[in-house]
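J.: need a structure here:
(one chain, ligands or ions: 1)
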Amino acid sequence: MTTTIDRKTATEAAEAIRIQDAGKQYENGTLALSNIHLSVHEGEFVSLVGPSGCGKSTLLRIMAGLDQATSGKVQIQSEQASFVFQEANLMPWRTVVANVALPLEISGVSAAERKQRALAALEKVGLTAHADSYPRQLSGGMKMRVSIARALVSEPKLLFMDEPFGALDEMTRHRLHEELLNIWMNSNLTIVFVTHSVFEAVYLSGRVVAMEAHPGTIKQIIPIEESYPRTNAFMTSPQFGEKVREITNTLT
Ligand SMILES: Nc1ncnc2c1ncn2[C@@H]1O[C@H](COP(=O)(O)OP(=O)(O)OP(=O)(O)O)[C@@H](O)[C@H]1O
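T.: Residues are numbered from 1 along each chain as shown. Next comes the predicted model:
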């Protein structure tokens, strides 16, 4: 078993996010989260898994500063955060490069710099050749790549992903796993990733946060000690199966 960690279990790195005893009660009375303690370190790749309704999206939104905890303490070190959702949400009347440039346009970056940075972001996701295409001309996987490029174009320190690959077929999904890990390994990004798939969480993450519902709490945090870059051999290894089993047992 490979136990060397080339990069980023990162517990010795600075904290990017620190959550202490946080809770979230929605206005209608639903207690979505309770007693959440979690630190995410700079450069980590952390996944949140758990049954529907356990508060994964709520916790992600709180970590991203898009929503507020109603109790406890949440400290986020950087405001440079981007979000990727399951739906690519591209503007159909804009070209790929114009979609990617949108966050820069909103923050007032000049047209020339916008184009140059959007093209650089498209290169990271292998879509340079499709810069002038329209979203309707792209497959689901390509649309997701555009969505990731749009998230990267503002050079965030934190990337929050809410089931980004949930609607994709398995082959496309796995290709995107490889691409996302490559992008992450060649950057200082901290990624927090929500998924329903324990396999996906184990393959991608340095730590997996297993949650349970009613109210949403963290049941266990499981480290995945496999080094990066991860290969297909990891996916078929006994260690992989063992981690999947451990997390699945935690969730049931
Ligand atoms: N805006 C809201 N107002 C009231 N209740 C909400 C709101 N958003 C979420 N909830 C409730 O909070 C709980 C946690 O929801 P959340 O979407 O965070 O869970 P989840 O684990 O991401 O679920 P899923 O896997 O189905 O996406 C659920 O009971 C949900 O119904």
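J.: can you show me the helices along this protein?
T.: Using DSSP state H, the helices of the chain run over 56-63, 96-106, 111-124, 140-152, 170-185, 198-204, 232-235, 238-251.
J.: how much space separates the residue nearest to Ile62 when sequence neighbours are not counted from Ala22?
T.: Among residues not flanking Ile62 along the chain, Ala69 sits closest, at 5.3 Å (C-beta to C-beta, 6 or more residues apart in numbering). Where C-beta positions appear, they are placed from N, C-alpha and C, glycine not excepted. Going from Ala69 to Ala22 by C-beta to C-beta, to the nearest Å gives 4 Å.
J.: one more: Gln75?
T.: 10 Å.
J.: next one: Leu127
T.: Counting by C-beta to C-beta, the gap from Leu127 to Ala22 is 37 Å.
J.: output the helices of the chain in a markdown table; the columns should cover distance to the ligand.
T.: A markdown table is the format used below for those (distance: least, C-beta to the nearest ligand atom, whole Å):
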| stretch | distance to the ligand |
| --- | --- |
| helix 56-63 | 3 |
| helix 96-106 | 24 |
| helix 111-124 | 27 |
| helix 140-152 | 18 |
| helix 170-185 | 17 |
| helix 198-204 | 13 |
| helix 232-235 | 23 |
| helix 238-251 | 12 |
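J.: is it true that Ala101 touches Gln116?
T.: No: between Ala101 and Gln116 there is no contact under C-beta atoms under 8 Å: 9.6 Å.
J.: so between these two, which is more surrounded?
T.: More crowded of Ala101 and Gln116, by other C-beta atoms under 10 Å: Ala101, with 26 against 14.
J.: contacting residues around the more buried one?
T.: Contact partners of Ala101, counting by C-beta atoms under 8 Å, 6 or more residues apart in numbering, are Arg114, Lys115, Arg117, Ala118, Val153.
J.: what do you get for Arg230?
T.: Leu181, Tyr203, Leu204.
J.: just those residues now: which is nearest Phe234?
T.: Tyr203 (7.1 Å; C-beta to C-beta).
J.: run a quick neighbour tally on the closest one.
T.: Quick note: Tyr203 (other C-beta under 10 Å) scores 22 neighbours.
J.: Ala213 too?
T.: So Ala213, with other C-beta under 10 Å, has 14 neighbours.
J.: hmm, it is touching Gly53, no?
T.: Yes: between Ala213 and Gly53 there is a contact at 4.9 Å, judged by C-beta under 8 Å.
J.: got the contact list for the residue lying closest to Val49 once chain neighbours are set aside?
T.: Spatially, and ignoring its direct neighbours in sequence, Val49 is nearest to Ala201 (4.9 Å; C-beta to C-beta, 6+ apart). By C-beta under 8 Å, 6+ apart, Ala201 lies in contact with Ser47, Val49, Phe193, Thr195, Val208, Ile247.
J.: and the helix or strand bottoming out on mean pLDDT in the chain, what does it pack onto?
T.: None of the helices or strands of the chain scores lower by mean pLDDT, DSSP states H and E than helix 232-235, at a mean of 92. In terms of contacts (3 or more C-beta pairs under 8 Å, 6 or more residues apart in numbering; DSSP states H and E), helix 232-235 is packed against helix 198-204.
J.: circling back to that earlier point, more crowded one of Gln75 and Ala22?
T.: Higher neighbour count among Gln75 and Ala22: Ala22, with 22 against 11, using other C-beta under 10 Å.
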